[in-house]
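Student: okay, sequence plus prediction incoming.
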Amino acid sequence: MSDWPDGYGRNDQYGQGSGRAQPEGARVMPHVQRGRTAPPIPQQGGYGDRGYDSGYSDGQVYGNGGGAHGGGGDGYYDDGRGGRPAPDWRRRLKIGALTLVVALLAVTIGTYFWADSKLKNEVDLSKVIERPGGGEGTNYLIVGSDSREGMSKEDQERLHTGKVEGKRTDSMMILHVGDNGNTMVSLPRDSDVEIPSFRGSDSGKLYPNQGRRTKLNAAYAEDGPELLVRTVEHNTGLKIDHYAEIGFGGFANIVDALGGVEMDIPRDIKDKDSGSDFKKGKQTLDGEKALAFVRNRKEAGSDLERTKNQQQFLATLANQAATPSTILNPFRLYPTMGAGLDTLLVDKDMGLLDVGEMFWAMKGITSGDGKSMNIPISGSNGGNLVWDKAKVKELVEQLKNDDKVTVSEN
């Protein structure tokens, strides 16, 4: 009995184009299903009167009966070339997730080294002599200078920076970062302080203490950041661990890169010298208006009032810069980081992680995780603000021990 379907051959011939009456040889045909009749094979035209037999059957005689491209229940599917394994989607998802993690890691590492390379580690705190002992936590001296470096004449006029040569400090703050809350203490630039003995940052010459008293910002004007740190440490007894300074241009650029900072202006403000012209209420300040707000002094009535405005703005700036809309948006994140790092001057031991800690601490103060205050003042002497020695001593002890600050500024 023949296993071949009826009518499979033509003129009793075997094989494709065979003219012999006998088969060329036995062919192994896998999975022959007996008792089933294959549908007739369509005959191809041409090739003379002998015709052409393609030898192809699209019936169910061969294969697993799943169709040309159907999937089987055994985890295989037939694509016309034999069975192939079905796609392993779990494995593909794992590979995709791993690729995404590696890509994000590469971007993060690249961003870190890019940002770290932009830091200007130019302040050498090793030149500061007779330093006090350290305490718990980390103390940053944050300085806003009136540096006009990199600013055009048009920018100076637009930002109302004036045309004073050199650099002066426009604001100074001590930021203490510790486990019992962060504390930001503003140091008015008109503070009455003693200039101690110091070593010239450039000359290396030792200058003895002559008991000279002057305004705090005069120390910076006389010998730069190193003498300013030395003077702050001498008059407070608190060791400064890191120094960070930013100029007018960098400050304005950061605000503009963020798309502005929303502030609640407490009153109508108009001051020709700083360029301030605000109405009371919430409003978004661009770089020019923000700089005018923090530099407003005459209208504020005192340097103490101005330092409060500066604290409020810097904390708000840090808070808004740390929002997901900035951090997760590279078109906003990189310009903001670039604007800040291009003009940020720090000490030689301060790294990008320290900058991040400083930044997040300022943000935390806005969120209520900490305290902001002016250094306690007891009065004035010839226009200079005199510190309350007893309160300052108590404040410094609390900062050194990383205790919760309970000292009030009043």
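Tutor: Here it is on my side, so go on. Residues are numbered from 1 along each chain as shown.
Student: in the chain, which helix has the most residues?
Tutor: The residue-count maximum for a helix in the chain (DSSP state H) belongs to helix 89-118.
Student: which helices and strands sit right next to that helix?
Tutor: helix 330-342, helix 352-366 (3 or more CB pairs under 8 Å, 6 or more residues apart in numbering; DSSP states H and E). To be clear about C-beta, it is placed using only N, CA and C from the backbone, and glycine gets the same treatment.
Student: show the subsequent helix or strand relative to the first one.
Tutor: Reading on from helix 330-342 to the C-terminus, the next helix or strand found by DSSP states H and E is strand 344-347.
Student: that following strand pairs with which strands, parallel or anti?
Tutor: Next to strand 344-347 in the sheet, as set by DSSP bridges, lie strand 120-123 (parallel), strand 242-246 (antiparallel).
Student: out of these, deepest packed?
Tutor: Across those, the average number of neighbours (mean count of other CB atoms under 10 Å) peaks for strand 242-246, which reaches a mean of 24.
Student: tell me the mean pLDDT for that strand?
Tutor: Averaging pLDDT along strand 242-246 gives 92.
Student: now swap in stretch 374-394 and tell me
Tutor: So the average pLDDT for stretch 374-394 ends up being 93.
Student: what about dumping the CA coordinates of that stretch to PDB?
Tutor: Only the C-alpha atoms of stretch 374-394 are listed here, as PDB (Å, rounded to 0.1, in the frame of the first residue of the first chain):
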ATOM      1  CA  ASN A 374      21.700  87.600  61.700                       C
ATOM      2  CA  ILE A 375      24.700  87.500  64.000                       C
ATOM      3  CA  PRO A 376      23.500  89.100  67.300                       C
ATOM      4  CA  ILE A 377      24.100  92.900  67.400                       C
ATOM      5  CA  SER A 378      24.400  95.000  70.500                       C
ATOM      6  CA  GLY A 379      24.700  98.400  69.000                       C
ATOM      7  CA  SER A 380      26.900 100.500  66.700                       C
ATOM      8  CA  ASN A 381      30.100 102.400  66.800                       C
ATOM      9  CA  GLY A 382      30.900 105.100  64.300                       C
ATOM     10  CA  GLY A 383      28.600 103.500  61.700                       C
ATOM     11  CA  ASN A 384      30.000 100.000  62.400                       C
ATOM     12  CA  LEU A 385      27.700  97.300  63.800                       C
ATOM     13  CA  VAL A 386      29.000  96.000  67.100                       C
ATOM     14  CA  TRP A 387      28.400  92.300  67.800                       C
ATOM     15  CA  ASP A 388      26.800  91.100  71.100                       C
ATOM     16  CA  LYS A 389      29.900  89.300  72.500                       C
ATOM     17  CA  ALA A 390      28.000  87.100  75.000                       C
ATOM     18  CA  LYS A 391      25.400  85.900  72.400                       C
ATOM     19  CA  VAL A 392      28.000  85.400  69.800                       C
ATOM     20  CA  LYS A 393      30.000  83.200  72.200                       C
ATOM     21  CA  GLU A 394      27.000  81.200  73.000                       C
END
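Student: returning to what we had before: among the strands paired with strand 344-347, which comes closest to Leu317?
Tutor: Ranking the strands paired with strand 344-347 by their distance to Leu317 (criterion: CB to CB) puts strand 242-246 first, at 11.0 Å.
Student: what's that closest one in contact with?
Tutor: 123, 125, 138-145, 225, 229, 340, 343-347, 349-350, 354-355, 358 (CB atoms under 8 Å, 6 or more residues apart in numbering).
Student: pull out the buried members of those residues.
Tutor: 123, 125, 138-145, 225, 229, 340, 343-347, 350, 354-355, 358 (16 or more other CB atoms under 10 Å).
Student: how close does Val407 sit to Val396?
Tutor: Distance, Val407 to Val396, by CB to CB, to the nearest Å: 9 Å.
Student: same thing with Gly287?
Tutor: From Gly287 to Val396 the distance is 35 Å (CB to CB).
Student: wait, a strand at Val229?
Tutor: No: per DSSP: H, G, I helix; E, B strand; the rest coil, Val229 lies outside any strand segment and is helix.
Student: tell me the contacts of it?
Tutor: Val123, Leu125, Val128, Leu141, Ile240, Tyr243.
Student: nearest to Ile375, of the residues you listed?
Tutor: Nearest to Ile375 among those, with distances taken as CB to CB, is Leu141, at 12.7 Å.
Student: now do the host helix or strand of that closest one: which elements does it pack against?
Tutor: Remark: Leu141 resides in strand 138-145, with elements defined by DSSP H and E. Other elements packing on strand 138-145 under the criterion 3+ CB pairs under 8 Å, 6+ apart are strand 169-177, helix 216-236, strand 242-246, helix 352-366.
Student: need the CA coordinates for it. CSV is fine.
Tutor: Backbone C-alpha positions of strand 138-145 (Å, rounded to 0.1, in the frame of the first residue of the first chain) are rendered in CSV as follows:
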residue,chain,number,x,y,z
THR,A,138,30.8,71.6,58.6
ASN,A,139,31.0,75.4,58.4
TYR,A,140,30.9,77.2,55.0
LEU,A,141,31.7,80.9,54.5
ILE,A,142,29.5,82.0,51.6
VAL,A,143,30.4,85.3,50.0
GLY,A,144,28.7,87.3,47.4
SER,A,145,31.2,89.7,45.8
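Student: any idea of the mean pLDDT in it?
Tutor: On average, strand 138-145 scores 92.
Student: also stretch 108-117?
Tutor: Stretch 108-117 comes out at a mean pLDDT of 68.
Student: looking at Gly287 and Val396, which is more packed in?
Tutor: Counted by other CB atoms under 10 Å, Gly287 and Val396 do not tie: Gly287 has more neighbours, with 24 against 21.
Student: residues in contact with the residue nearest to that one when sequence neighbours are not counted?
Tutor: Excluding the flanking residues, the one nearest Gly287 by CB to CB, 6 or more residues apart in numbering is Ala252, at 3.2 Å. For Ala252, the contact set (CB under 8 Å, 6+ apart) comprises Leu159, Gly287, Glu288, Ala290, Leu291.
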